[in-house]
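Enquirer: what follows is a predicted structure for the sequence shown.
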Amino acid sequence: MKSIKQHWNNQLFSIFNDWNPIFGRILVILVILTLSFYLRGDYFLDSLQGSGAEASGTDLLVYNYNKRSLALEILPFMSIVMINIISLYDKEIYILPYKTRFNYFKAVTGKIITHSTLFVFIFGAVNILFSLFFIRKITSWTATNSTLYQVAFHITKTDPQLHSLSVWKENQSLYHPVYIGMVYSIFLILAICIMTLFTYILILLIRSEIISYILMLGMLMLDAFSDLSIILDKVEISYMDCLFPGTLVSDFGYLCAIFLLLFLAGVYIIKRTDFRT
C-alpha cells in the first residue's frame, strides 16, 4: 500500500515538474479555452430561447465539442502544449537513462496520456461549473422537454423506421451525467493523444516544430471542413450518437487502432532518429 502511494506521489510530482517551465503558456491556453466555452455556451443558450427545449450541461458538451471547435481550438492548443512538455525531455541527457529508444518512446506516450487525462478533467470541471452557474442542471435528457427528446421526436417524423422515440425511452439509464461525461472524456483523451503523437512524429521526420504545427493544423482543417474526415467524425459525439450509442463502440475501436498505428510508427521512426545533446 505504501509503495502504491509513493508511486502516485511521484507521478503527481512529475506532472508538476512538467508544467512548471511552461506554466504561463498552459495558463493562457486554459483561459482562452475557458472563455471560448463560456461564449459558445452563452450563444447556445440564446439560440434555445423560444424552442421549448430545456438546456443542460450535457447539451453544452455536445455543443462545445463539435468538429469545428476541436479542429480550431482544443486539439491544436492541447497538442502544442503536449509537444512543449515533451520537448523539455527530448535531449540525450534525459533519454540515456531509459537504455533503449523504445523505453523512452513508451515514457513519452505515457506522459501524453497522463497530461491529456488531466487536461480533460479540467475541461470537465469547467463544463460542470458552467452547468451549475448558468443552467443549474447537469442533464435533462430523460425529460420530454429536453433537446435530446426533441431530436428523437424530429427523427421519428422524418424517418419512422428508426423508432428513435422508442430507443430514447429504452436508453434512459444511459443518460446519466456520469456515463455521458466518461464517454466524452475517453473520446477527447484519445483525440488529444492521437494528434499529439501525430505532431511529434512529424517533428521527428521534418525537424521543424513550426512546419509540423502548420501541417497538423492543415490536417485538422481538412478533417473538419471536407468530406475526407479521418479523425474528427469519430471523435465528435452528436445527439444521434447519444440516441444510438452502438456507433460509439465502433468509433472507439477505430480511434484506438489509429492510436496504436501511430505508436508503432513512432517506435519505428524514433529508433532511427538522432536527438539533441
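Expert: Looks like it came in fine. None of these values were measured; they are calculated from a predicted model. Residues are numbered from 1 along each chain as shown.
Enquirer: let me know the helix or strand that the residue positioned nearest the centre of the chain is in.
Expert: Ranked by distance to the mean C-alpha position of the chain (CA atoms, centre = their mean), the top residue is Leu188 at 2.0 Å. Element membership for Leu188, per DSSP states H and E: helix 177-206.
Enquirer: and that helix, what other elements does it pack with?
Expert: helix 57-64, helix 75-87, helix 101-130, helix 209-225, helix 232-235, helix 246-270 (3 or more CB pairs under 8 Å, 6 or more residues apart in numbering; DSSP states H and E). (Each C-beta comes from the backbone N, C-alpha and C, glycine too.)
Enquirer: which strands and helices sit next to the fifth one?
Expert: Counting by 3+ CB pairs under 8 Å, 6+ apart, the packing neighbours recorded for helix 232-235 are helix 67-69, helix 177-206, helix 209-225, helix 246-270.
Enquirer: deepest-packed of the ones you listed, please.
Expert: Neighbour counts (mean count of other CB atoms under 10 Å) averaged over each of those peak at helix 177-206, with a mean of 20.
Enquirer: quick one: distance of that one to the chain centre.
Expert: 5 Å (CA atoms, centre = their mean, to the nearest Å).
Enquirer: how close does the closest residue to Ser116 other than its chain neighbours sit to Asp42?
Expert: What sits nearest to Ser116 in space, not counting adjacent residues and going by CB to CB, 6 or more residues apart in numbering, is Ile192, at 4.2 Å. According to CB to CB, to the nearest Å, Ile192 and Asp42 sit 25 Å apart.
Enquirer: go on, Leu165?
Expert: 31 Å.
Enquirer: who has more neighbours out of those two?
Expert: Leu165 (17 against 12; other CB atoms under 10 Å).
Enquirer: and the contacts of the helix or strand harbouring the more buried one?
Expert: If you go by DSSP H and E, Leu165 is part of helix 164-170. Helix 164-170 is contacted from outside by 148-149, 151-153, 155-156, 243-244, using CB atoms under 8 Å, 6 or more residues apart in numbering.
Enquirer: Asn103: which of the residues you listed is nearest?
Expert: The closest of the contacts of helix 164-170 to Asn103 turns out to be Phe244 (CB to CB; 42.1 Å).
Enquirer: quick one on the thing from earlier: next one: the helix holding Leu165 to chain centre, how far?
Expert: 28 Å.
Enquirer: Asn171 reaches Gly246, doesn't it?
Expert: No: using CB atoms under 8 Å, Asn171 is not in contact with Gly246, being 10.4 Å away.
Enquirer: picking that back up, and the helices and strands packed on helix 177-206: which comes nearest Thr144?
Expert: Thr144 lies closest, by CB to CB, to one member of those: helix 57-64, at 15.2 Å.
Enquirer: what angle sits between the closest one and helix 177-206?
Expert: Counting by axes from the mean of the first three to the mean of the last three CA atoms, to 10 degrees, helix 57-64 lies at 20 degrees to helix 177-206.
Enquirer: helices or strands up against helix 57-64?
Expert: helix 23-48, helix 101-130, helix 177-206.
Enquirer: now these as TSV including distance to Ala224 and mean pLDDT?
Expert: Shown next, in TSV, are those (distance: least, CB to CB, whole Å; pLDDT from 0 to 100):
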stretch	distance to Ala224	mean pLDDT
helix 23-48	15	74
helix 101-130	19	84
helix 177-206	12	92
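Enquirer: nearest to Pro76, of these?
Expert: Nearest of the helices and strands packed on helix 57-64 to Pro76, taken as CB to CB: helix 177-206 at 7.9 Å.
Enquirer: end-to-end on stretch 136-151?
Expert: Stretch 136-151 stretches 22 Å from its first residue to its last (CA to CA, to the nearest Å).
Enquirer: same deal with stretch 47-58?
Expert: 16 Å.
Enquirer: good, we can wrap up now.
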